[in-house]
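> Sequence isn't available, so here's the structure alone:
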């Protein structure tokens, strides 16, 4: 059975109400185990994670967590069994892209055959460190600003979760130029080489106010657009897709606040292979970032 078939079978079991496994005890691939032992492991406060809606980490048995596992399965199908890197962005601020990135990173990291790397490249308004309770760590901006900073200096392992790279401690002003630099291309290439068994997610600024996401995607394999029903206008989504490039978009995640089958009043839909057409819908609830 292929990884895609296994993922889809797991998603089907979760939709049918079978209890998901928070983290498998099956052996990991050797390449992943080696990568895991080469970075610092950081323990996080479960209460802080819960308060910041990192449900896959804090409440893996909730229906909202199942939604991210279903999104993970759909993303694996879109990736066609390749280990890829994606920009996660949105048309405007507040559509939930950052919370989506972190929860999806945790969901991918729970896969037996896969790992995840979550990178905060929203250098204009970084929030992942605050959500995780890991503010003030060196990260992308430090790497871009100082040639002596290496990849090993900025990558940590979140306990029972994905690898993580913060936005960094250096305040940068010419962010789009730096994200389009050869130094950033080297950073992305080094991540791929070092963590070969990983899906890499780059949390990036919204598309319409800043060019950073469009600049960054040239080093990656595509983008995921996060929007919020009742907040993001059709025009904003259309403009964002046109500006980002429809051919670069793997799918669209729609956070919904009007209803939800799990009783949380929120949801998303993941549109596989394009924007705004078809797809399987699941429930979650993210509005920040």
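Here it is on my side, so go on. Remember, predicted model here, so these are calculated numbers, not experimental data. Numbers count the residues shown, from 1 in each chain.
> Show me the strands in the stretch 1-150 of the chain, by range?
Secondary structure of the stretch 1-150 of the chain (DSSP state E, counting those that start in this stretch): strands located at 40-42, 85-89, 115-120.
> and the shortest one, average pLDDT?
Regarding strand 40-42, the rounded mean pLDDT is 94.
> cool, the last one as well?
The average pLDDT for strand 115-120 rounds to 96.
> same thing with stretch 182-194?
So the average pLDDT for stretch 182-194 ends up being 96.
> follow-up on the earlier one: please produce CSV containing the strands of the stretch 1-150 of the chain, extended by distance to residue 225 and mean neighbour count.
The C-beta positions use only the backbone N, C-alpha and C, and glycine is treated the same way. Shown next, in CSV, are these (distance: least, CB to CB, whole Å; neighbours: other CB atoms under 10 Å):
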stretch, distance to residue 225, mean neighbour count
strand 40-42, 29, 12
strand 85-89, 6, 27
strand 115-120, 17, 27
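> Is it possible to get CSV of those that adds distance to residue 227?
As requested, the strands of the stretch 1-150 of the chain are exported to CSV (distance: least, CB to CB, whole Å):
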stretch, distance to residue 227
strand 40-42, 31
strand 85-89, 10
strand 115-120, 20
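> residues contacting the closest residue in space to residue 245 that isn't next to it in sequence?
Leaving aside its sequence neighbours, residue 245 sits nearest to residue 214 (CB to CB, 6 or more residues apart in numbering; 7.2 Å). With contacts defined as CB atoms under 8 Å, 6 or more residues apart in numbering, the neighbours of residue 214 are 207, 243, 244, 245.
> what's the neighbour count on the first one?
Read it as residue 207. Other residues within reach of residue 207, judged by other CB atoms under 10 Å, total 26.
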